[in-house]
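S.K.: Please find the sequence and the predicted model below.
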Amino acid sequence: MSSTYFNEIWHQSQHECEQLAIIDYERQHQNVDTTVATISGVASVVASSVAAAAENKALLQASLYEFYLRYICLSNRLEDMIQPQKRELVRKLLDACLGRVVELKHDLVNIDLMEFSYNDEVVERLRLTPMDTELRIPRYFLREREQELEFRKRTMNEILIKLGWLEEHELEEPLTEMEAIRLLQMHERARQGRLRAHFMKEIRKEKGKSEERSEKERTDSGLMAAMKIQKMWRGHTARRITRRRKMDEMILIGMVPPPAAVLKERAEKLEKHNEIDVRRRHVAQKTYAAQFEARKVTIQEEIRQKHGATMKEDIADEIRAWIKDCYDKTGKLPDFPSEDQGGSLHIFSRPGTESEHSRSSARSSKESRKTKDKSKSPARSGDLNVNDNQEDDVNFQPAQSVCLPDIRAEIEFFNDTWRDKDETGILSQAAYEDMIYAEKYQEVELEFRRAVDDVMRQELELLQTMVGKKVKKSNKKTRRSGKKSKKKKEKDLTPDRSTESLYEELVTNGIIRKYPELKLKQFLGDKALTARNGTNPSPGDIRQILTEYCILPLGSEAIHSCTPLIRSVLLAGPRGSGKKALLHAICTEVGAVLFDLTPANIVGKYPGKSGLIMLIHLVLKVSRLLQPAVIYMGDAERPFMKKIPKTDRTDPKRLKKDLPKMIKNIAPEDRVIFVGTSNLPWEADQKLLQSVYNRFIYIPRPDYGAMSHAWKTLLHEYSGGISNLDTSAMAKISDGYTIGAIDACLREVMTCKRKLQLRSQPLTNAELINVLCTRDPVYREEEEAFESWWSKTPLGRRRQRFLELEEERLLEEQAQQAKQGNGNKKKGLN
């Protein structure tokens, strides 16, 4: 696809984003009386007000869910530009839109009191499919860190090879030109020798024959045999061609699905073309970006050389004129603003004092004010334990957005710079030098302004000394408002050690682990087609929520800084439901470092209390230095179990007291997340478990749709598209099993020998059923235990209270209707 096509999509997306941001901003700042979110001024909740609040809450949920889906569709269309200056704007807008998606997700969770939100009416009104509503992970998460990730991977392999845990594969040295020529000569001479030998063999045969066989010696039996063979072969080929034509016709009219081999070939061909196109665009992006950076350095040096002296003189004359003007008006010399206040830029940014030089820095002052306003806004917490004490979840109001001002700022910049820019006939995607010149002129001017400010301060001090005014000490510390933070700075136990040595130590001890590279899309299953409850999400919904809670905040610092903070997540589900695969997918999508603190993994490592303190210190320090990072704990319930089995020698309670402190020490600016997995979460002390984990995600066994999709995909992968097994029957038979059990069953059946026999002996259902019966399914009692445990989580308790209020409201409405009905009957009798 051409760059013109992507430019059209970009302009269209910018227009839609502008309209969406205006509506979103108006909804946030509209009057409380017209807001559908709450019913204000109601102290005691009566039946009618509760009903109205519930109705308004449903309207608010629909409104937020529509914004949520529209921002997702908008984000999925961005990030495909080649021109470097456009890519900068698109990158900022993409980060802001993704941050807004995460903000809306947290608001929807607080409204629905479930981790998964649904609204079929909104999806139908927007005419979206489930695939359209799935959030795409940006490619730049990994592309911008390719060299870093490659270096880290190579370092880990070197350490593991040194320890003997990884086999070293000897690299084949490339052939030189002379070696390649000799190899070709050798094979060509061998070919000519074989041809010569065959030719001589034919000559010897001809000499040995005394006479040729005549046609009369051919017997009739030979002719009849040849004719019969010819007849059978022609009939076979004709029938095969007829069957093939009939099958093609049925496939064409849609009566029969194409064979699996054809579908696989089409998918591979399409994927190959897409991959080539994406790789080509990525190479072009890197080329133009390198040229852009080189031109910025060159133009900046040109500006310094050509305009540096003139720029300094103009700024100095401007400041001297201001000092003279102040002295003429007041008879006193003014105080020069400090560097923290902005220096001379602060003087000319006041109303009525703007000059030509200060106008060029208007955008920078606007950005500084925006960052100050953002820093003043309180950080939102993603920990549901904080909001667990809410007495009423009916009157919920969404929080003010942090990302929406950024979206509006980028839209304004687009309207000022790119909307009316004429790009007709410009096929090259190189950077515009006039824009580079304007940007670098501001930077050089600001740099020279700081240097001139220092000189002007000294001149002003000399003038004040001459006039007789006492000079204030410029090095006086500015008084900072606000209370001092009571949080003590963490003591560094390894101040003299480098990051490389700490990394090697943790890899040697098995704390930092190498993980298989799995993409999140490899977690099989689609998004839910209709609304579901909170304990029965689809695989696509689980992928989406992990993208919003873990991948987006870890992948981008801009998204992490403006979204509610989630420090820890617990993945709970039966064995084989894919918890560890999801963990590896999170690490793969963002290129994170994986720290394994599973009780079985840290047995005998860093012994004693001092060793435990050192272990936690090393994990936190290295995770901050190598962020993004994921700290993992398998069997997350074991540190908080009330009674440890006597056969357990792993000492799981070793981290019981230190885990809550460790989670709290993850600062808001750290792109670090703690992920736990558990098969038996109800065995832990729930109060302690909830003090460690902010969010609890339940992964249930797959339903029929997910199971059927898993059978088709896995069977096609193992058999190469040869098998025609009825997957719908297998999905019905395997109801109750997890996808992990299906994968293990196929791995056991589809051995190398069995794969070679597929053409002569097709795969049967009985083979798979016999192996599947040897594995344990997920029983109903286990599902009920998971549902009971989830109802005791903070979100589950809040939802339980809300359902009780709804039930009470319905009972009161029924009682009132019954009273009205009895009253009408009495009036009729009278």
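M.R.: That came through fine.
S.K.: Tell me the spacing between the residue nearest the centre of the chain and residue 523.
M.R.: Centroid-nearest residue in the chain: residue 551, 3.5 Å away (criterion: C-alpha atoms, centre = their mean). According to C-beta to C-beta, to the nearest Å, residue 551 stands 12 Å off from residue 523. All C-beta spots, glycine's among them, are computed from the backbone N, C-alpha and C.
S.K.: Now the residue nearest to the centre of the chain. Nearest residue, chain neighbours left out?
M.R.: Closest residue to residue 551 apart from its sequence neighbours, by C-beta to C-beta, 6 or more residues apart in numbering: residue 589 at 5.1 Å.
S.K.: so the one you found is in which element?
M.R.: helix 579-590 (DSSP states H and E).
S.K.: The stretch 601-750 of the chain: strands as residue ranges?
M.R.: 629-633, 672-678, 695-698 (DSSP state E, counting those that start in this stretch).
S.K.: what's the answer for the chain, then?
M.R.: Using DSSP state E, the strands of the chain run over residues 512-513, 568-572, 593-596, 629-633, 672-678, 695-698.
S.K.: max-length helix in this structure?
M.R.: Longest helix in the chain, counting residues (DSSP state H): helix 260-330.
S.K.: Contact partners for residue 179?
M.R.: With C-beta atoms under 8 Å, 6 or more residues apart in numbering as the criterion, no residue contacts residue 179.
S.K.: what's the spacing between it and residue 185?
M.R.: 11 Å.
S.K.: quick one: low-confidence parts of the stretch 701-830 of the chain?
M.R.: Within the stretch 701-830 of the chain, the ranges that satisfy pLDDT under 70 run 721-722, 823-830.
S.K.: need the helices for it, in chain order.
M.R.: Ranges of helices in the stretch 701-830 of the chain, per DSSP state H, counting those that start in this stretch, are 704-719, 727-733, 739-749, 752-756, 765-772, 780-790, 794-829.
S.K.: thinking again about what came up before, residue 455: which of the strands of the chain is closest?
M.R.: Residue 455 sits nearest to strand 672-678 of all these, at 45.1 Å, using C-beta to C-beta.
S.K.: by contact count, what packs against the longest helix of the chain?
M.R.: Counting contacts by 3 or more C-beta pairs under 8 Å, 6 or more residues apart in numbering; DSSP states H and E, helix 260-330 packs against helix 84-112, helix 344-348, helix 356-359, helix 433-467.
S.K.: ok, now with 7 Å
M.R.: Secondary-structure packing of helix 260-330 (3 or more C-beta pairs under 7 Å, 6 or more residues apart in numbering; DSSP states H and E): helix 84-112, helix 356-359, helix 433-467.
S.K.: any idea which of those helices scores lowest on pLDDT?
M.R.: Of all those, helix 356-359 carries the lowest average pLDDT, namely a mean of 38.
S.K.: Skipping its backbone neighbours, what lies nearest residue 777 in space?
M.R.: Residue 777's closest residue in space is residue 736 (C-beta to C-beta, 6+ apart), at 3.7 Å.
S.K.: which residues sit against the helix holding residue 589?
M.R.: The contact list for helix 579-590, computed with C-beta atoms under 7 Å, 6 or more residues apart in numbering, reads 137, 141, 515-520, 522-523, 546, 550-551, 554-555, 571, 573, 594, 628, 630, 632, 675, 677, 699.
S.K.: go again using 8 Å as the cut-off
M.R.: So helix 579-590 is contacted by 137, 141-142, 515-520, 522-523, 542, 546, 550-551, 554-555, 571-573, 592-594, 628, 630, 632, 634, 675, 677, 699 (C-beta under 8 Å, 6+ apart).
S.K.: which of those residues count as buried?
M.R.: 137, 141, 515, 518, 520, 523, 542, 546, 550-551, 554-555, 571-573, 592-594, 628, 630, 632, 634, 675, 677, 699 (16 or more other C-beta atoms under 10 Å).
S.K.: of the helices of the stretch 701-830 of the chain, which approaches residue 642 most closely?
M.R.: Comparing the helices of the stretch 701-830 of the chain by C-beta to C-beta, helix 780-790 comes nearest, at 14.6 Å.
S.K.: Could you pull out the buried residues of that closest one?
M.R.: Buried residues in helix 780-790 (16+ other C-beta under 10 Å): 782, 783, 785, 786, 787, 789, 790.
S.K.: With distance to residue 502 as new columns, can those be given to me in a markdown table?
M.R.: Listed next are those as a markdown table, based on distance: C-beta to C-beta, whole Å:
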| residue | distance to residue 502 |
| --- | --- |
| 782 | 42 |
| 783 | 44 |
| 785 | 41 |
| 786 | 39 |
| 787 | 43 |
| 789 | 38 |
| 790 | 39 |
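S.K.: so who does the closest residue to residue 95 other than its chain neighbours touch?
M.R.: Nearest residue to residue 95 in three dimensions, chain neighbours excluded: residue 558, at 4.1 Å (C-beta to C-beta, 6+ apart). Residue 558 is in contact with 92, 95, 96, 99, counting by C-beta under 8 Å, 6+ apart.
S.K.: go again using 10 Å as the cut-off
M.R.: Shown in contact with residue 558 (C-beta atoms under 10 Å, 6 or more residues apart in numbering): 91, 92, 94, 95, 96, 98, 99, 403, 406.
S.K.: Check residue 313 too.
M.R.: So residue 313 contacts residue 452 (C-beta under 10 Å, 6+ apart).
S.K.: Output the lowest mean pLDDT helix or strand found in this protein.
M.R.: Comparing helices and strands within the chain by mean pLDDT, DSSP states H and E singles out helix 356-359 as the least confident, with a mean of 38.
S.K.: what about the nearest residue in space to residue 431 that is not next to it in sequence, neighbour count?
M.R.: Nearest residue to residue 431, sequence neighbours excluded (C-beta to C-beta, 6+ apart): residue 292, at 4.4 Å. By other C-beta atoms under 10 Å, 18 other residues sit near residue 292.
S.K.: Below-threshold pLDDT in the chain: ranges please.
M.R.: 1-3, 30-53, 167-172, 208-220, 260, 349-396, 424-427, 468-490, 721-722, 823-830.
S.K.: run the last query once more with 50
M.R.: 31-47, 351-379, 390-391, 470-486 (pLDDT under 50).
S.K.: Would you reformat the helices of the stretch 701-830 of the chain as JSON lines and include distance to residue 413?
M.R.: Below are the helices of the stretch 701-830 of the chain laid out as JSON lines (distance: least, C-beta to C-beta, whole Å):
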{"stretch": "helix 704-719", "distance to residue 413": "44"}
{"stretch": "helix 727-733", "distance to residue 413": "52"}
{"stretch": "helix 739-749", "distance to residue 413": "46"}
{"stretch": "helix 752-756", "distance to residue 413": "58"}
{"stretch": "helix 765-772", "distance to residue 413": "59"}
{"stretch": "helix 780-790", "distance to residue 413": "45"}
{"stretch": "helix 794-829", "distance to residue 413": "39"}
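S.K.: picking that back up, quick one: closest of the strands of the chain to residue 150.
M.R.: strand 593-596 (14.2 Å).
S.K.: who's in contact with the closest one?
M.R.: Against strand 593-596 from outside (C-beta under 10 Å, 6+ apart): 152, 156, 503, 506-507, 510-515, 583-584, 586-588, 601-602, 618-620, 622-623, 625-634, 672, 674-675.
S.K.: redo that, cut-off 8 Å
M.R.: For strand 593-596, the external contacting residues (C-beta under 8 Å, 6+ apart) are 152, 506, 510-515, 583, 587, 619, 622-623, 626-634.
S.K.: For that strand, which strands pair with it and how are they oriented?
M.R.: Paired strands of strand 593-596, with direction, are strand 512-513 (antiparallel), strand 629-633 (parallel) (DSSP bridges).
S.K.: Mind checking those strands for the one nearest to residue 453?
M.R.: strand 629-633 (41.3 Å).
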